[in-house]
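[1] Coordinates only, no sequence provided:
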């Protein structure tokens with residue numbers, strides 16, 4: 001099993017050996033978000049260079065360090081309280097705590113347009129949709145994105161059959177990568193999962209977007225794979241193509257690489 005956290009929405013992920021699972025997902029996952037001058041969220045869909053920004057949480061969450069190859073780094077003394085500003089995430093209004101001019105200037109220089117960094121406020125109230133509703137910070141939807149290695153291997157076999165390079169795991173930005181399942185898309189049917197002392201419940205399929213076509217090392221778009229191959233066999237009933245699942249947190253707890261993944265309830269797949 002792999003555990004991956006993305007402190008800043010759209011930026012590079014951080015691999016962990018153990019993590020605290022909260023009701024909103026892995027602790028510190030997508031608690032920061034880059035926005036434009038109007039407070040509208042930015043992701044790799046429109047700012048693919050975000051992929052090259054490497055975040056690090058220090059001092060128990062009191063400091064955030066951002067690094068960009070060749071452009072140095074910036075340290076942020078994290079503001080967890082104070083005045084809140086309006087932010088827009090997929091058209092929905094939320095609030096954020098601005099993290100100051102220093103990091104805003106650093107992001108603006110790297111991304112080539114005015115950008116600011118906001119943090120989820122402590123009174124953040126967001127209800128995510130799906131078969132099991134939940135909550136999350138600034139993630140696209142549900143608290144956890146789960147993907148199995150077998151599923152990814154099956155997709156990559158199709159891609160390499162076309163003579164193209166396989167898609168690495170980081171293109172899909174999962175939080176949990178499960179190993180050991182024999183059949184691809186087992187996660188589609190795993191509707192209650194216990195890992196360590198935590199429990200997850202199935203919310204919905206993970207619909208894939210253009211971020212999967214961004215090379216996470218160079219921060220450049222590199223399509224049409226994997227979306228082209230997914231379109232051959234993973235078209236979702238509601239539109240788009242699906243790979244992996246979104247999960248709500250039913251019981252918080254501690255997760256560790258090497259924990260057993262136990263399916264407590266199987267269900268019919270949506271696809």
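    Looks like it came in fine. In this text, all values refer to a predicted model and were calculated from it rather than measured experimentally.
[2] which stretches of this structure have low pLDDT?
    Nowhere does the chain drop to pLDDT under 70.
[3] what's the single longest helix in it?
    Counting residues, the longest helix found in the chain (DSSP state H) is helix 149-161.
[4] If you count neighbours, what's buried in that helix?
    Buried residues in helix 149-161, counted by 16 or more other C-beta atoms under 10 Å: 149, 150, 151, 152, 155, 156, 158, 159. From N, CA and C alone the C-beta is placed, and that goes for glycine too.
[5] quick one: which of those is nearest to residue 53?
    residue 152 (24.0 Å; C-beta to C-beta).
[6] quick one: the closest one and residue 172 touch, right?
    Yes - between residue 152 and residue 172 there is a contact at 7.3 Å, judged by C-beta atoms under 8 Å.
[7] residues making contact with the helix or strand that comes right after the longest helix of the chain?
    Moving toward the C-terminus from helix 149-161, the next helix or strand (DSSP states H and E) is strand 176-178. Contact with strand 176-178 is made by 1-4, 144-149, 152, 169, 187, 195, 255, 261, as judged by C-beta atoms under 8 Å, 6 or more residues apart in numbering.
[8] Which ones among these lie within helices?
    Using DSSP H, the subset of the contacts of strand 176-178 located in helices is 149, 152.
[9] need the buried residues of helix 149-161 in CSV with distance to residue 24, can you?
    Shown next, in CSV, are the buried residues of helix 149-161 (distance: C-beta to C-beta, whole Å):
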residue, distance to residue 24
149, 25
150, 28
151, 25
152, 25
155, 28
156, 31
158, 34
159, 33
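[10] Skipping its backbone neighbours, what lies nearest residue 110 in space?
    In space, residue 110 comes closest to residue 68 once its chain neighbours are excluded; the distance is 5.4 Å by C-beta to C-beta, 6 or more residues apart in numbering.
[11] neighbours of the one you found, just the number please.
    Applying other C-beta atoms under 10 Å, we find 21 residues neighbouring residue 68.
[12] surely it meets residue 53?
    Yes - Residue 68 lies in contact with residue 53 (C-beta under 8 Å); the separation is 5.4 Å.
[13] Now the common contact residues for these two.
    Residues touching both residue 68 and residue 53 by C-beta under 8 Å, 6+ apart: residue 110.
[14] Going by secondary structure, residue 15 is in what exactly?
    Residue-wise, residue 15 maps onto strand 14-16 under DSSP H and E.
[15] Could I get the full set of strands for the stretch 1-150 of the chain?
    Applying DSSP state E, counting those that start in this stretch to the stretch 1-150 of the chain gives strands spanning 2-5, 14-16, 18-22, 25-26, 32-35, 54-58, 63-67, 73-77, 85-89, 92-98, 116-119, 144-148.
[16] Next, format the ones you listed as JSON lines and append mean neighbour count and distance to residue 251.
    Putting the strands of the stretch 1-150 of the chain into JSON lines (neighbours: other C-beta atoms under 10 Å; distance: least, C-beta to C-beta, whole Å) gives the following:
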{"stretch": "strand 2-5", "mean neighbour count": "20", "distance to residue 251": "17"}
{"stretch": "strand 14-16", "mean neighbour count": "15", "distance to residue 251": "19"}
{"stretch": "strand 18-22", "mean neighbour count": "19", "distance to residue 251": "9"}
{"stretch": "strand 25-26", "mean neighbour count": "26", "distance to residue 251": "13"}
{"stretch": "strand 32-35", "mean neighbour count": "25", "distance to residue 251": "26"}
{"stretch": "strand 54-58", "mean neighbour count": "16", "distance to residue 251": "24"}
{"stretch": "strand 63-67", "mean neighbour count": "18", "distance to residue 251": "28"}
{"stretch": "strand 73-77", "mean neighbour count": "16", "distance to residue 251": "32"}
{"stretch": "strand 85-89", "mean neighbour count": "17", "distance to residue 251": "26"}
{"stretch": "strand 92-98", "mean neighbour count": "17", "distance to residue 251": "26"}
{"stretch": "strand 116-119", "mean neighbour count": "25", "distance to residue 251": "26"}
{"stretch": "strand 144-148", "mean neighbour count": "25", "distance to residue 251": "12"}
